[in-house]
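please work out how this folds:
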Amino acid sequence: MEEVPEEGKVYVISEFNVDDVKYSYSAVSNKKEIYFLKRTTMTLIKEDDGMIPKYKFELVGFNALKARVGDTNILTDLMGSVENILPMQSRNTATGPKDILLFDLTDGSERIKVTVWADQAHELKAELDKMGDEYKIIILTSCGITEYRKQLQASSLSPTKFYINPNYDAVHNLRYKLNAINEPMIGDESPSVVDCSETKIETYNLKQITELRKSDMQNLEVICHVSVCSIDAQSKWWFYSCDSCPNELTFIDNSYKCEDCVKIVSYPDKRFKVSMYVTDPTDTIQVFMFDREVRRLVSATVNGLIGQNMKEGKGDKIPEKIINITGKRLILTLSLNPKNLVDGNSVYFASDVVETSENPSPEQPSEQNTTVSTTHHNGAAVDNTMGIKSASNKRVHNKDDGPTKKKKT
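Below is the predicted model of the structure:
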């Protein structure tokens, strides 16, 4: 190649072969690869129209890393906040001594030890030293995962790259989560805090929720404690999503189109959309749960489960990991919309989920509320009670979420 392509720039590539992946240590999980030929050409597009996202990672949650131990087929992308940076050290290797940088990476609830090797260790250390005390949220791509004395560890490899505080949705969400966890409680002992408003999310049982039909409210969020009694195996468990917004795409004229963004999406994302029936001692309702919530329960991605189905010859059959949600006890935050409150629609949408071990209570009157106390300071919303296992783990809607409204039946 006369010119090596630069990361982050957009090219038109012509004259190449497409074949099955043949090698180990892949940076992405796709089953196909592009192979360049002598006649392959690359033309730089100088004016990017912004249709291609600047970043695309296949981030693996810390709770799913154990399955990656020793996996040489696919490398692992990690994201977390950097903590406990140790001084630079040296290790003897088969090719001589090499410097290493050791630190912890945390997602707010779990942590993993990370080793970065050689020149990249010095480069990363220099960048981290520049950042002071602010959150150092880093994405490390193409890492190897090992286990030593029952402790998961990640190591950089030759294709590993690092990105510190990139402008990426998952990074913003983690920063929001970490800020909420570490925000000090504001009480009466803080008279200097003025202009505070409080929003409470009340806890209802399912009968109380269904009795809210035909009300004059337009939107309402409620918390309920339920058990999953069944998964609707007749409904499709995933959908094609726009790459710019979380809405479901429509297939028109052999193309996937987003009605809200008014564009054709050539490479749509796949996101969870699971229909389930949940119950408590008072009633049973149907709930749709989308990408973030399902991933939290099954510790897997849509693409991972589709790939597993293909490997096992199960086609588009609903995976066992989703079926196994049946019987789980959950604390759900339901977002009730005008279709629920005004029209009496009995299908509900979950905006948050926490798995719990407690049984649903037959009586959860609104007078005895489970609340989220959100205090606003200088225009910024801070969740004072957010915790890793809190039922009121309220979050901002983003493109990793499922659709905000049901477009198709």
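
give me the element the most centrally placed residue in the chain is part of.
For the chain, the residue nearest the mean C-alpha position is R292 (5.3 Å; Cα atoms, centre = their mean). Assigned by DSSP states H and E, R292 belongs to helix 291-298.

buried ones in that helix?
By neighbour count on 16 or more other Cβ atoms under 10 Å, the buried set for helix 291-298 is D291, R292, E293, V294, R295, R296, L297, V298. For glycine as for every other residue, the C-beta is placed from the backbone atoms N, C-alpha and C.

ok, stretch 130-145 next?
Residues of stretch 130-145 classed as buried: Y135, K136, I137, I138, I139, L140, T141, S142, C143, G144, I145 (neighbour count, 16+ other Cβ under 10 Å).

and the two most separated of these?
Y135 and G144 (25.5 Å; Cβ to Cβ).

going on from the helix holding R292, what's the next piece of helix or strand?
helix 302-312.

send the alpha carbons of that following helix over as PDB?
The C-alpha coordinates for helix 302-312 follow below in PDB (Å, rounded to 0.1, in the frame of the first residue of the first chain):
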ATOM      1  CA  VAL A 302     -27.800  -9.700  20.800                       C
ATOM      2  CA  ASN A 303     -25.000 -10.500  18.400                       C
ATOM      3  CA  GLY A 304     -23.500 -13.000  20.900                       C
ATOM      4  CA  LEU A 305     -26.700 -14.900  21.300                       C
ATOM      5  CA  ILE A 306     -27.500 -14.900  17.500                       C
ATOM      6  CA  GLY A 307     -24.000 -16.200  16.900                       C
ATOM      7  CA  GLN A 308     -24.500 -18.900  19.500                       C
ATOM      8  CA  ASN A 309     -27.800 -19.900  17.900                       C
ATOM      9  CA  MET A 310     -26.200 -20.200  14.500                       C
ATOM     10  CA  LYS A 311     -23.400 -22.300  15.900                       C
ATOM     11  CA  GLU A 312     -26.000 -24.600  17.500                       C
END
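
next SSE after that helix?
Criterion used, DSSP H and E; the element after helix 302-312 is helix 320-323.

okay, the angle between the next helix or strand after that next one and helix 291-298?
Next helix or strand after helix 320-323 toward the C-terminus (DSSP H and E): strand 329-336. In terms of direction (axes from the mean of the first three to the mean of the last three Cα atoms, to 10 degrees), strand 329-336 departs from helix 291-298 by 170 degrees.

just checking, what packs against strand 329-336?
strand 220-231, strand 347-356 (3 or more Cβ pairs under 8 Å, 6 or more residues apart in numbering; DSSP states H and E).

can you name the residues in contact with stretch 157-175?
Contact with stretch 157-175 is made by 25, 27, 54-55, 57, 59, 75, 79-81, 107-108, 116, 120, 124, 127-128, 131, 135-144, 395-396, 398-400, as judged by Cβ atoms under 8 Å, 6 or more residues apart in numbering.

how far away is the residue lying closest to I323 once chain neighbours are set aside from M276?
With Cβ to Cβ, 6 or more residues apart in numbering as the criterion, I323 has its nearest non-adjacent residue at 5.6 Å, and that residue is I231. According to Cβ to Cβ, to the nearest Å, I231 stands 5 Å off from M276.

go on, R295?
For R295, the distance to M276 - Cβ to Cβ - is 15 Å.

what of V21?
Taken as Cβ to Cβ, the span from V21 to M276 is 35 Å.

ok, the two, which is more surrounded?
Using other Cβ atoms under 10 Å, the more surrounded residue of V21 and M276 is M276, with 23 against 14.

got the buried residues for the host helix or strand of that one?
M276 belongs to strand 269-280 when assigned by DSSP H and E. Of all the residues in strand 269-280, those buried under the rule 16+ other Cβ under 10 Å are D269, R271, F272, K273, V274, S275, M276, Y277, V278, D280.

first-to-last residue distance for stretch 294-306?
Start and end residues of stretch 294-306 are separated by 14 Å (Cα to Cα, to the nearest Å).

neighbouring contacts of that stretch?
29, 58, 61, 63-64, 238, 270-272, 274, 289, 291, 316, 319, 321-322, 324-325, 328, 330, 353, 355.

and those residues, which of them are buried?
58, 64, 238, 271-272, 274, 289, 291, 319, 322, 325, 328, 330, 353.

which pair in these spans the largest distance?
E58 and L330 (26.9 Å).

now do the helices in the protein.
118-129, 169-182, 206-210, 291-298, 302-312, 320-323, 338-341 (DSSP state H).

looking at the helices and strands packed on strand 329-336, which is nearest to K46?
K46 sits nearest to strand 347-356 of all the helices and strands packed on strand 329-336, at 41.6 Å, using Cβ to Cβ.

quick check: angle from the closest one to helix 291-298?
Going by the same axes, to 10 degrees, strand 347-356 is angled at 40 degrees with respect to helix 291-298.

what sits opposite T250 in the beta ladder?
Going by DSSP bridges, T250 is paired in beta bridges with K257.

same check, this time on I139
Here I139, judged by DSSP bridges, has bridge partners M79, Y163.

now for it: which residues touch it?
F57, L59, D77, L78, M79, F162, Y163, P166, Y168, V171.

same thing but 7 Å
The contact partners of I139, by Cβ atoms under 7 Å, 6 or more residues apart in numbering, come to F57, D77, M79, F162, Y163, P166.

just the pLDDT for it.
On the pLDDT scale, I139 is placed at 94.

same question for L305.
L305 carries a pLDDT score of 89 in this model.

cool, T95 as well?
According to the prediction, T95 has pLDDT 87.

so how far is A118 from it?
10 Å.

of the two, who's got more company?
Ranked by neighbour count (other Cβ under 10 Å), T95 and A118 place A118 first, with 15 against 7.

longest strand of the protein?
As assigned by DSSP state E, the longest strand anywhere in the chain is strand 32-45.

where do the domain boundaries of this protein fall?
Domain ranges of the chain: 10-45, 62-182, 202-238+270-383, per automatic domain parsing.
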